[in-house]
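K.L.:
below is the structure, and that's it, no one-letter string:
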């Protein structure tokens, strides 16, 4: 089946940039340069989301790690990532403390979560460690 586009308002400049005042419908592949106005629908950000409730490793490919603490304190680890990758830890339910160990600019670091609703966002640097870019309630030590 061929793709169909509404070409009303479509133009191409001498720099091979195109505009469409009528908008695009369907998949848009490539880079977007400039401002996007109007509504963006669909999956524009691919996310990998997993749930964790016990001791062990957190996948460094996750974008979101949902933490469900149980009756015992959970001790989790986050290994080396890929430069530029971000991960968000979100405490969904809380019974007992949940610790996540990772390497930060100051060395070995532990984030301790102790309430539902707490969150922490990290980004992996090209220098080989995780940088805290957002913290909502986690105790960092």
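P.N.:
Yes, it's here. Bear in mind that the values here come from a model prediction, so they are computed numbers and not experimental data.
K.L.:
and the residue lying closest to residue 60 once chain neighbours are set aside, what does it touch?
P.N.:
The spatially closest residue to residue 60, leaving aside those adjacent along the chain, is residue 81, at 4.6 Å (CB to CB, 6 or more residues apart in numbering). C-beta: built from backbone N, CA, C; applies to glycine. Residue 81 makes contact with 60, 87, 124, 130 under the criterion CB atoms under 8 Å, 6 or more residues apart in numbering.
K.L.:
rebuild those residues as a markdown table, extending it with neighbour count and pLDDT.
P.N.:
A markdown table is the format used below for the contacts of residue 81 (neighbours: other CB atoms under 10 Å; pLDDT from 0 to 100):
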| residue | neighbour count | pLDDT |
| --- | --- | --- |
| 60 | 15 | 94 |
| 87 | 23 | 96 |
| 124 | 21 | 95 |
| 130 | 25 | 96 |
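K.L.:
that older thread, return the distance of the residue nearest to residue 60 relative to residue 55.
P.N.:
Residue 81 is 20 Å from residue 55, where distance means CB to CB, to the nearest Å.
K.L.:
so where does residue 83 fall, helix or strand?
P.N.:
Secondary structure from DSSP states H and E places residue 83 outside every helix and strand.
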